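Asker: attaching a predicted model along with its sequence, questions to come.
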Amino acid sequence: MFIRLSEIEDGAVLKGKIDGSQLKGTIENEFSFLAPVDYELVVRKFENNVRLEGSIGCSLSLMCGRCTDVFPFIIQTFLDVGLQKKISVPDTELELAEEDLEVYYYEGDEIDINPLIYEEVLLSIPIKPLCREDCRGLCPVCGKNNNIEECHCNKVANKLLEEKLNAFLARQGDNYGSSKKKNFSVKKGQTKNTL
């Protein structure tokens, strides 16, 4: 979806839907769009600056980070972006201020809003999506989904291994994996270790 700035005097309201397949950079197998992305954006124009504000909503299909089940995830977010007309600058070093990092740039008379909407959708996806807050995940021994059925694996064997490992590390104390500096001196034909 492109905004043609010459057709906007001071401001305009844009409403519409974007098919998820039109959004560039869709990460395959990470998620998929279940419905088109709805948007309602207010566009304000000030000389060489443009401000986009409004709501974005969509429904995605995500994979749970604990049990690997696929589940629907609804996003309702708010886009607030400032854009400035790109100007040519001589090849010199410029220091950017913090507010410069939050500004996008455009060239010509058109602004493609698809990448801005897609970025906002990506930022709204949790790092570790969960199908539900109390998801019990997969059994580490047999791989069964603990949300569907309780497995009866022998988890005592794993507990025993954990206890043996902890006992081993406790016996090693400061001598094993320590970052303390140790002094070594070498004489011809022999090695002497002083701690």
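Answerer: Ah, there it is.
Asker: give the rounded mean pLDDT of the lengthiest helix in the chain.
Answerer: In the chain, taking DSSP state H as the definition, the longest helix is helix 156-172. Per-region confidence: helix 156-172 scores 74 on mean pLDDT.
Asker: quick one: that helix to chain centroid distance?
Answerer: 36 Å (Cα atoms, centre = their mean, to the nearest Å).
Asker: what of stretch 65-75?
Answerer: 15 Å.
Asker: list the buried residues for that stretch?
Answerer: Buried residues in stretch 65-75, defined by neighbour count with 16 or more other Cβ atoms under 10 Å: R66, C67, F73, I75. Every residue, glycine included, has its C-beta placed from N, CA and C.
Asker: and the furthest pair within the residues you listed?
Answerer: The most widely separated members of these, counting by Cβ to Cβ, are C67 and I75 (21.1 Å).
Asker: the protein: strands as residue ranges?
Answerer: 2-4, 11-18, 31-33, 37-46, 49-63, 70-85, 103-106, 110-112, 183-187, 190-194 (DSSP state E).
Asker: of those strands, which is nearest R132?
Answerer: strand 70-85 (8.1 Å).
Asker: who's the closest residue to S55 other than its chain neighbours bridged to?
Answerer: Closest residue in space to S55, ignoring its immediate chain neighbours: E40 at 5.4 Å, by Cβ to Cβ, 6 or more residues apart in numbering. Bridge pairing for E40 (DSSP bridges) gives the partners K15, S55.
Asker: how about S32?
Answerer: S32 has these beta-bridge partners by DSSP bridges: S61.
Asker: who's in contact with it?
Answerer: With contact taken as Cβ atoms under 8 Å, 6 or more residues apart in numbering, S32 is in contact with G20, L60, S61.
Asker: can you rerun that using 10 Å?
Answerer: By Cβ atoms under 10 Å, 6 or more residues apart in numbering, the contact set of S32 is G20, S21, T26, L60, S61, L62, V70.
Asker: my guess is the second one meets F33, correct?
Answerer: When you say that, I think you mean S21. Yes: shown here, S21 and F33 form a contact pair, counting by Cβ atoms under 10 Å, at 7.4 Å.
Asker: pLDDT of stretch 35-53, averaged?
Answerer: 88.
Asker: start and end of it, how far apart?
Answerer: Across stretch 35-53, the terminal residues are separated by 22 Å (Cα to Cα, to the nearest Å).
Asker: buried residues, that stretch. List them.
Answerer: P36, V37, D38, Y39, L41, V43, K45, V50, L52.
Asker: now do stretch 79-88
Answerer: For stretch 79-88, a neighbour-count test (16+ other Cβ under 10 Å) marks L79, V81, L83 as buried.
Asker: go through those and say which is closest to C135.
Answerer: For the buried residues of stretch 79-88, the nearest to C135 is L79 (29.9 Å; Cβ to Cβ).
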